[in-house]
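# predicted model and sequence follow; I will ask about them next.
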Amino acid sequence: MMIPMPRFFRPLRGLFGVRSLITRAATAGSLLLLVVGCGSGQSYLLDSDIPIPPDSPGRATSGIERRDGLIVNLDTVFSEPVEDPAVTIDRLQRRFAESGWRMIERGGTESVVVAIFGKDRRRCRVRVVRNELDPAMSRVAYRVRIDESSSADGASDADG
């Protein structure tokens, strides 16, 4: 003998069924994938051709200026885990190259590495500083400028 459901629970009857549970779980899973996918898909700074460090939890940006849709002036700092600044620069170099930038200059120490990337007349100075006390709170700083003295092919060594 089945116990009848009390009348005030009848509107909720569909919420407790297996089919309803599967539907709700599938919907929640799809939404989660959409949110995670969209959140992790950002790989360029402010919808530009400047790649950002992967998995950077936060950034502070100032002095943004665009010309013809390109960022020509910008200062930004990312908070990111850095164990080895040279390895971080190597990864960023590949990402910059994929976006048409080329490395002009590179130098540094064990805890600080600076690289300058060029594209046309723009320069992006990337400075990676490992936080010795807490590598998870290290910094990757970008400074983008126009190099007024360079030729259009990016052959100058100036960092802007």
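Looks like it arrived, so ask away.

# from memory residue 86 sits against residue 113, does it?
Yes. Counting by CB atoms under 8 Å, residue 86 touches residue 113, with 5.4 Å between them. Heads up, the C-betas are built off the backbone N, CA and C, glycines and all.

# those two: who's more crowded?
Neighbour count, other CB atoms under 10 Å: between residue 86 and residue 113, residue 113 has more, with 24 against 15.

# next helix or strand past the helix or strand harbouring that one?
For residue 113, the element it lies in under DSSP states H and E is strand 112-119. Where DSSP H and E defines the elements, the next helix or strand beyond strand 112-119 is strand 122-129.

# which helices and strands sit right next to that following strand?
strand 70-80, helix 85-98, strand 112-119, strand 138-146 (3 or more CB pairs under 8 Å, 6 or more residues apart in numbering; DSSP states H and E).

# please redo it, this time with the cut-off set to 7 Å
Counting contacts by 3 or more CB pairs under 7 Å, 6 or more residues apart in numbering; DSSP states H and E, strand 122-129 packs against helix 85-98, strand 112-119, strand 138-146.

# what about the nearest residue to residue 83 once chain neighbours are set aside, how many residues close to it?
Using CB to CB, 6 or more residues apart in numbering and skipping residues adjacent in sequence, the residue nearest residue 83 is residue 135, 5.5 Å away. Residue 135: 14 surrounding residues under other CB under 10 Å.

# ok, residue 135 to residue 67 distance?
Distance from residue 135 to residue 67, counting by CB to CB, to the nearest Å: 37 Å.

# identify all contacting residues around the strand holding residue 113.
85-86, 89, 93, 96, 100-108, 123-129, 154, 159 (CB atoms under 7 Å, 6 or more residues apart in numbering).

# pull out the buried members of those.
Neighbour-count burial (16 or more other CB atoms under 10 Å) applied to those gives 85, 89, 93, 96, 101, 104, 123-129, 154, 159.

# so which of the residues you listed is the closest to residue 71?
Of all the buried ones among the contacts of strand 112-119, residue 124 has the smallest distance to residue 71: 8.9 Å, by CB to CB.
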